[in-house]
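Enquirer: Got a sequence here, can you model it:
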Amino acid sequence: MTKVKASLLVLAYFAFISLGLPDGLLGVGWPSIARTFDVSFDSVAYLLVASTTGYLSSSIAAGFLLSRIGVGWLLAVSTAMAGLALAGYGVAPNLWFLIPCALLGGLGGGAIDAGLNAYAATEFGPRHMNWLHACFGLGVAIGPLIMTGVIEAGAVWRLGYAIVSTAQLALALSFVFNARRWGRTPLPEHHAAPPAPGGVLARPAVWLSVVAFAVYVAVEAGAGLWAFLLLTRGREVDAGIAGLCVSGYWAMLFLGRVVQGVVAERFGSHAVLVASLSGMALGSALVAVPGPGWLAVAGLALIGFAAAPVFPLLTLTTSERVGAALADRVIGLQIAAAGLGGALVPSAIGLLLTRTTVEALGPALLVLSLLLIALWWLSTPRHADDRIGPVGGQPVPGATPVPAAGSEV
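Expert: Numbering: from 1, shown residues only. Reported below is the predicted structural model:
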């Protein structure tokens, strides 16, 4: 890795930490925000809808913007948008002022997520790809600590947003100064114009990959969201212990990305994905089996550790499944699908648990894990019949697959 790339890698790490910071602020700060504006707690739905709308929109558009303005300027503008949105939270006079701020923050966050993932998929290799996503988890963990510290110190919740906004805007300035060093994302040779979104989705390997991301995040978020309910009501685990177990689940996700980033670089992305997807299914099966609380806790821990490298490695190997000509655009679609899957499917699981029993969580996770395996298997080059060749973005019969990402440094 060159000195320039090393410095950009540090910036990318900070970008992923900053991407996770706002996610943790709202959960801790919302009760105070609701009291300030004298609104009901369920009014947070307005902000979530606005944020998700912005996130999905910019994620889809990010791949197309990369080829026009380059990743450096995309990150600079997007990070500035996120910083301004957080500043808006800090000075908002009422709830309705927060809604456009949430939309702006979603637009910035989605573009940062998709843009950095697209860049890292071609530049950093499996180890750093996993570590980048571990940094996101670190940001998610730091956000609540910042807001908790502000509230415990007797300060107003606005200070928490001001702190994170300042960090975001400083990072945006760093991206501005380094925009040219990231380079541009050129169109493939002989490829005069990017394919339209409809043409991209017409390829089976593309939509298989997109759906796979939605299913993966559904498993990750569904397990984390409903595990506490299963442990307390289904397995009679003490609430305090159950809370620690859920924290342990997220800790395993962070730890798995740190550890398995090195493993993936040594043994290759394909081998780690096979083991990880199998581990997710096995962990879900342990949660599904009726038994003592420790069995479900073991299953959740296994799901967390096994799932850790799946998102970054699926992103990293996108070009192997759909071809380099479409990789940037498909990564944007995948990130958008991940956001949609993480919002809709866990809600559907909650409805299932309400209408049946909390014990339905394990079978639901198992079905989703098996579906994820099938989607990944069908979208790999040996099974997908629409691989993109290196010339003109057209299928090349018998084309040699792209070398394993695990060979990158």
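Enquirer: Can you get me a residue count around Val91?
Expert: 12 (other CB atoms under 10 Å). To be clear about C-beta, it is placed using only N, CA and C from the backbone, and glycine gets the same treatment.
Enquirer: and the residue nearest to it when sequence neighbours are not counted, what does it touch?
Expert: Among residues not flanking Val91 along the chain, Arg158 sits closest, at 7.3 Å (CB to CB, 6 or more residues apart in numbering). By CB atoms under 8 Å, 6 or more residues apart in numbering, the contact list for Arg158 reads 89-91.
Enquirer: State the pLDDT value of Arg158.
Expert: pLDDT recorded at Arg158 is 95.
Enquirer: that older thread, can you tell me which of the contacts of Arg158 comes closest to Gly224?
Expert: Tyr89 (24.5 Å; CB to CB).
Enquirer: any idea of the pLDDT on the closest residue to the closest one other than its chain neighbours?
Expert: In space, Tyr89 comes closest to Tyr161 once its chain neighbours are excluded; the distance is 4.2 Å by CB to CB, 6+ apart. pLDDT recorded at Tyr161 is 94.
Enquirer: tell me which residues of the host helix or strand of Tyr161 are tucked away?
Expert: Assigned by DSSP states H and E, Tyr161 belongs to helix 158-177. For helix 158-177, burial by neighbour count (16 or more other CB atoms under 10 Å) applies to 158-165, 167-169, 171-172, 174-175.
Enquirer: can you check stretch 238-248 too?
Expert: 242, 245-246, 248.
Enquirer: Any chance you could list what contacts it?
Expert: 224, 227-228, 231-232, 237, 297, 300-301, 304.
Enquirer: Val322 - how many residues pack around it?
Expert: With other CB under 10 Å as criterion, Val322 counts 30.
Enquirer: How far away from the center of its chain is stretch 81-97?
Expert: 23 Å (CA atoms, centre = their mean, to the nearest Å).
Enquirer: Extract the CA atoms of that stretch and return them as CSV.
Expert: Taking Å, rounded to 0.1, in the frame of the first residue of the first chain, the C-alpha atoms of stretch 81-97 are listed here in CSV:
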residue,chain,number,x,y,z
MET,A,81,-24.5,17.4,4.3
ALA,A,82,-24.5,15.1,7.2
GLY,A,83,-22.7,17.6,9.4
LEU,A,84,-25.2,20.4,8.5
ALA,A,85,-28.1,18.1,9.2
LEU,A,86,-26.7,17.4,12.7
ALA,A,87,-26.2,21.1,13.3
GLY,A,88,-29.8,21.5,12.3
TYR,A,89,-30.8,19.1,15.0
GLY,A,90,-28.8,21.2,17.5
VAL,A,91,-30.7,24.5,16.7
ALA,A,92,-34.2,23.1,15.8
PRO,A,93,-37.1,25.1,17.2
ASN,A,94,-39.6,22.3,16.8
LEU,A,95,-40.2,18.8,15.5
TRP,A,96,-41.1,19.9,12.0
PHE,A,97,-37.7,21.5,11.6
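Enquirer: mind listing the helices in the chain by residue range?
Expert: Here the chain has its helices, by DSSP state H, at 3-37, 44-91, 95-123, 125-152, 158-177, 197-201, 204-229, 239-267, 269-288, 293-307, 310-316, 318-322, 327-355, 361-379.
Enquirer: among those helices, which gets the worst mean confidence?
Expert: When I compare the helices of the chain, helix 197-201 is least confident, with a mean of 58.
Enquirer: Reformat the contacts of Arg158 as JSON lines; add distance to Val49.
Expert: Below are the contacts of Arg158 laid out as JSON lines (distance: CB to CB, whole Å):
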{"residue": "Tyr89", "distance to Val49": "16"}
{"residue": "Gly90", "distance to Val49": "21"}
{"residue": "Val91", "distance to Val49": "22"}
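Enquirer: Ser209 and Gln334, how far apart?
Expert: Per CB to CB, to the nearest Å, Ser209 is found 6 Å from Gln334.
Enquirer: Please enumerate the shared neighbours of these two.
Expert: Common neighbours of Ser209 and Gln334 (CB under 8 Å, 6+ apart) are 314, 318.
Enquirer: Give me the neighbour count for Val49.
Expert: 15.
Enquirer: my guess is Ser369 contacts Met280, does it?
Expert: Yes. Ser369 is in contact with Met280 according to CB atoms under 8 Å; the separation is 4.6 Å.
Enquirer: which neighbours do these two share?
Expert: Val219.
Enquirer: Just put the buried residues of stretch 238-248 in TSV and tack on distance to Asp328.
Expert: TSV is the format used below for these (distance: CB to CB, whole Å):
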residue	distance to Asp328
Ala242	42
Cys245	39
Val246	35
Gly248	36
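Enquirer: quick one: which of the residues you listed is nearest to Trp73?
Expert: For the buried residues of stretch 238-248, the nearest to Trp73 is Val246 (39.4 Å; CB to CB).
Enquirer: Would you mind putting the CA coordinates of the helix holding Tyr161 into CSV?
Expert: Taking Å, rounded to 0.1, in the frame of the first residue of the first chain, the C-alpha atoms of helix 158-177 are listed here in CSV:
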residue,chain,number,x,y,z
ARG,A,158,-28.4,19.8,21.7
LEU,A,159,-24.8,19.7,22.8
GLY,A,160,-24.5,16.1,21.8
TYR,A,161,-25.5,16.9,18.3
ALA,A,162,-23.2,19.9,18.2
ILE,A,163,-20.3,17.8,19.2
VAL,A,164,-20.9,15.2,16.4
SER,A,165,-21.7,17.9,13.9
THR,A,166,-18.4,19.6,14.5
ALA,A,167,-16.6,16.3,14.0
GLN,A,168,-18.5,15.7,10.7
LEU,A,169,-17.8,19.1,9.4
ALA,A,170,-14.1,18.8,10.2
LEU,A,171,-14.0,15.5,8.4
ALA,A,172,-15.8,17.1,5.4
LEU,A,173,-13.1,19.7,5.3
SER,A,174,-10.4,17.0,5.3
PHE,A,175,-12.2,15.4,2.3
VAL,A,176,-12.2,18.7,0.5
PHE,A,177,-8.4,19.1,0.9
